[in-house]
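1. Sequence plus the predicted model coming up.
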Amino acid sequence: MPSARGALMLAAALGLWAAARVTGSPTLHMVAVGLVVLPLAAALFARWSRQRLRVRRRLSEHRVAPGRRVTVELEVENEAATSTSFLLVEDRLPASLGRPARLVLAGIPSRGKRRASYSLTATARGRHTLGPLTVDISDPFGLTKTRVEFDLRDDLVVTPEVEDLETGPSSPFGRTSGLSLAKHLFRTGEDFFTMRPYLEGDDLRRIHWASVARTGQLMIRQDESSRRSVAAVFLDTRESAVGKSHSPSFERCVSAAASIGVLLARHGFSIKLGMSQMNPAPVTEEDLLEALAGVAHHTSRALSAGLTRLRSVAAGDTTLVAVTAPPPANELTSLIQAGVVFGPKIAILVYPIDPDALPPDRQAQLEGRATAARLSLSRSGWEVLLIPPSGKLRDAWQRTRNRSRALSV
């Protein structure tokens, strides 16, 4: 399509042609024809040039935490035999990442490349798609402008907020800082694990003579039977309980599940993630964050439906972490019953709305339900953390740890 300059030239050409017809001047007629042909030739040049461009996009990171800045580099390569004029590049972004990025590139020589970059800040959890990308190509005279679209798309995964929790929960497999890999050492076994100095009464057949020759001390082989502690993390995603996706309460629940899941994974636990609409499935730390980055609210209304799915991973030596809103009496019973077959149990209760933002009567009602849930769960052997949508899990976690240390002293 002609640019403003091209349209003006065509208008001037028509005016000169009319003047040439009136005055009978062949010179004006030739100039008018030349002015008409030039925009057409420029349009053909721009149309031919657009077939010779190749565009690439590179992201500094494909998975980031909220608030992290990401650098996006665009590379445009000119595969034509002639140079291009300046290019206007527009990279479309989802509304959650801001306005489309617009960059101007100078002319690219034949077989040459130009690079440009821009940065964006990822604030909203989710899986965001960058692209497609458009390039406005102009001829050297700026008479025409041709837009070509490249179906170039890249995903940027913004994980939930992960809070740094100080220490891990207790586990039936070990009480040390590792908490996860329980090592039961036996004097007999087939799998060689490590060595220790000889103690009187040890079986002489267990002496490791190669180590004796190297160290000059009697060393006994030890064998290990090990098992990783297992944790089931259940995230309540019901809209009726924790609100819609990207609401403060829903995002706080997702962040709490991510924070404690990462904590358990880094302490060596084997994690199984379950949700209201998803059966528990084994996940690594990376899988956990990927799954929680794209989670959305669910329309189911019964908490018991999601808790029923936990039966497939229930065991007396499995830690259960449930992230939900303070449940009413009927749901509280289901939650307590679901935890009976598990070992250590942690309930993270997130207010659906900040109590301070409610009228006094509704605030008292909500806090009363939360207090009743906390007391009932505590009596049933649960460790309960209660936080508002604007609060931090780290603060409640630290208070609980300090209280546990004080009681142990």
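-> The structure has been received and is ready for your questions.
2. From start to finish, how long is stretch 93-106 in a straight line?
-> End-to-end distance of stretch 93-106: 23 Å, with CA to CA, to the nearest Å as the criterion.
3. So what touches it?
-> Here stretch 93-106 makes contact (CB atoms under 8 Å, 6 or more residues apart in numbering) with 72, 74, 76, 86-92, 114, 116, 118, 120-124, 126, 128-130, 156. Using the backbone N, CA and C atoms, a C-beta is placed for each residue, glycine as well.
4. So which of these are in helices?
-> Among these, no member falls in helices (criterion: DSSP state H).
5. Buried by neighbour count, from those residues: which ones?
-> Buried subset of the contacts of stretch 93-106 (neighbour count, 16 or more other CB atoms under 10 Å): 72, 74, 76, 87, 89-92, 114, 116, 120, 122, 126, 128, 130, 156.
6. what's the closest of these to N402?
-> A122 (33.9 Å; CB to CB).
7. hang on, that closest one packs against H128?
-> Yes: if you go by CB atoms under 8 Å, A122 and H128 touch, sitting 7.3 Å apart.
8. Between those two, which contacts overlap?
-> Common contacts of A122 and H128 (CB under 8 Å, 6+ apart): 97, 156, 158.
9. Make CSV from those and add pLDDT and distance to A338 to it.
-> CSV is the format used below for the shared contacts of A122 and H128 (pLDDT from 0 to 100; distance: CB to CB, whole Å):
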residue, pLDDT, distance to A338
L97, 91, 39
L156, 96, 36
V158, 96, 31
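10. closest to T308 among these?
-> T308 lies nearest to V158 out of the shared contacts of A122 and H128, by CB to CB, at 31.6 Å.
11. What residues are bridge-paired with the closest one?
-> Here V158 sits in beta bridges with V64, G126, going by DSSP bridges.
12. ok, residues contacting the helix or strand harbouring E367?
-> Using DSSP states H and E, E367 sits within helix 360-379. For helix 360-379, contacts defined as CB under 8 Å, 6+ apart pick out 326-329, 332, 335-336, 345, 347, 349, 351-353, 355-356, 358, 384, 386.
13. Among the contacts of stretch 93-106, which lie within strands?
-> Among these, the members found in strands (DSSP state E) are 72, 74, 76, 87-91, 114, 116, 118, 120-121, 126, 128-130, 156.
14. picking up where we left off before, helices or strands up against the helix or strand following the helix holding E367?
-> Next helix or strand after helix 360-379 toward the C-terminus (DSSP H and E): strand 382-387. The helices and strands touching strand 382-387, judged by 3 or more CB pairs under 8 Å, 6 or more residues apart in numbering; DSSP states H and E, are strand 345-350, helix 360-379, helix 393-408.
15. Determine which stretch of the ones you listed is the most buried.
-> strand 345-350 (a mean of 25; mean count of other CB atoms under 10 Å).
16. Run the chain-centre distance for that strand.
-> 23 Å (CA atoms, centre = their mean, to the nearest Å).
17. Listing partners with orientation, what would you give for that strand?
-> Strand 345-350 has these partner strands in its sheet, going by DSSP bridges: strand 318-324 (parallel), strand 382-387 (parallel).
18. So which residues make contact with that strand?
-> The contact list for strand 345-350, computed with CB under 8 Å, 6+ apart, reads 169, 242, 249, 252-253, 256-257, 260, 319-327, 335, 339, 370, 373-374, 377, 380-389, 393.
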